[in-house]
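A.B. asks: Sharing a sequence plus its predicted fold:
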Amino acid sequence: MLDVAMIERGLEKTGKSKGGLAAAMGVRPGAVSEILGGERLVKASEIIPIMEYLELNLAPIMGRVGAGAVIEPDYEQVPPEGLGDVTLPFPIMEETIAFEIVGDSMLPKYESGDVIVVYKDQRHPLSSFYGEEAVVRLKTGERYLKTIERGKSPSVVNLTSFNAKPIVGVKLDWVGEICLSMPKGQLERLRAKSARPRKKGK
């Protein structure tokens with residue numbers, strides 16, 4: 001669902017103008033102001049132009065996350081803007097970031113090369129994630145894709161996976177709640193599709 005808040009966020013984040021958005025939508029300049037003011041609804045045919053112009057379907061790949069492999073961000077050499085973007089088939093309502101999975105400890109659910117999209121900010125307390133898969137960053141800096149389990153005290157957790165020994169009694173600095181996952185094959189198909197030149201209308 002595309003709403004006013006998403007459009008406003010897209011305009012602010014990209015620095016693009018309402019006039020530019022109107023041109024991308026193929027409407028008169030005042031139509032965007034009417035949408036933002038609640039005087040006009042977004043038409044179904046306008047969703048994709050808005051989404052693509054304001055980059056509402058892009059999530060920056062901010063590095064790699066270990067599913068068995070250990071990822072130490074200090075040695076990863078990731079630029080501030082990330083390693084590139086993953087293009088999603090629909091707009092995302094909140095700020096999201098993505099990580100490429102490295103390792104096989106979460107097979108068969110996740111494979112190396114898949115991409116996990118997570119919410120950028122931790123929105124819920126740690127205890128709400130017990131029993132749930134998430135991208136986590138330890139206090140010591142390493143990142144993992146694991147299932148979070150209750151530890152011996154409220155300040156520590158155990159991290160488990162399908163095919164690796166549990167990591168016991170660690171403190172977390174951040175929990176990235178999973179928004180969606182994209183298999184490697186699906187990503188390749190989406191990238192190939194976006195790379196094709198579009199046919200111009202008659």
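C.D. replies: Yes, it's here.

A.B. asks: so where is this structure shaky, pLDDT-wise?
C.D. replies: Applying pLDDT under 70 to the chain picks out residues 1, 68-79, 191, 194-202.

A.B. asks: Residue ranges of each domain in it, please.
C.D. replies: Per the record, the chain has its domains at 4-54, 58-192, by the TED database.

A.B. asks: What pairs with the top strand by length along the chain, parallel or antiparallel?
C.D. replies: When the chain is parsed with DSSP state E, its longest strand is strand 172-182. Its sheet considered, strand 172-182 pairs with strand 115-119 (antiparallel), strand 132-138 (antiparallel) by DSSP bridges.

A.B. asks: which stretches of the protein form strands?
C.D. replies: Taking DSSP E as the criterion, the chain carries its strands at 58-66, 85-87, 96-102, 115-119, 132-138, 143-150, 157-160, 167-170, 172-182.

A.B. asks: relative to strand 58-66, how tilted is the longest one?
C.D. replies: Between the axis of strand 172-182 and that of strand 58-66 there is an angle of 120 degrees, by axes from the mean of the first three to the mean of the last three C-alpha atoms, to 10 degrees.

A.B. asks: ok now strand 172-182, how far from the chain's centre?
C.D. replies: 9 Å (C-alpha atoms, centre = their mean, to the nearest Å).

A.B. asks: list the buried ones in it?
C.D. replies: Neighbour counts over strand 172-182 (16 or more other C-beta atoms under 10 Å) mark Leu172, Val175, Gly176, Glu177, Cys179, Ser181, Met182 as buried. Backbone N, C-alpha and C define where each C-beta goes, glycine included.

A.B. asks: Looking at those, which is nearest Met25?
C.D. replies: Nearest to Met25, judged by C-beta to C-beta, of these is Cys179 at 26.3 Å.

A.B. asks: okay, now the nearest residue to that closest one once chain neighbours are set aside: neighbour count?
C.D. replies: Residue nearest to Cys179 in three dimensions, not counting chain neighbours: Val117, with 4.7 Å by C-beta to C-beta, 6 or more residues apart in numbering. Counted with other C-beta atoms under 10 Å, the neighbours of Val117 add up to 20.

A.B. asks: what sits against Val117?
C.D. replies: By C-beta atoms under 8 Å, 6 or more residues apart in numbering, the residues touching Val117 are Ala59, Val86, Leu88, Ile92, Thr96, Ile97, Ala98, Ile178, Cys179, Leu180, Ser181, Met182.

A.B. asks: at 10 Å what do you get?
C.D. replies: Residues counted as contacts of Val117 (C-beta atoms under 10 Å, 6 or more residues apart in numbering) are 59, 61, 86, 88, 92, 96-99, 135, 176, 178-182.

A.B. asks: That one and Gly169, how far apart?
C.D. replies: From Val117 across to Gly169, the span is 29 Å (C-beta to C-beta, to the nearest Å).
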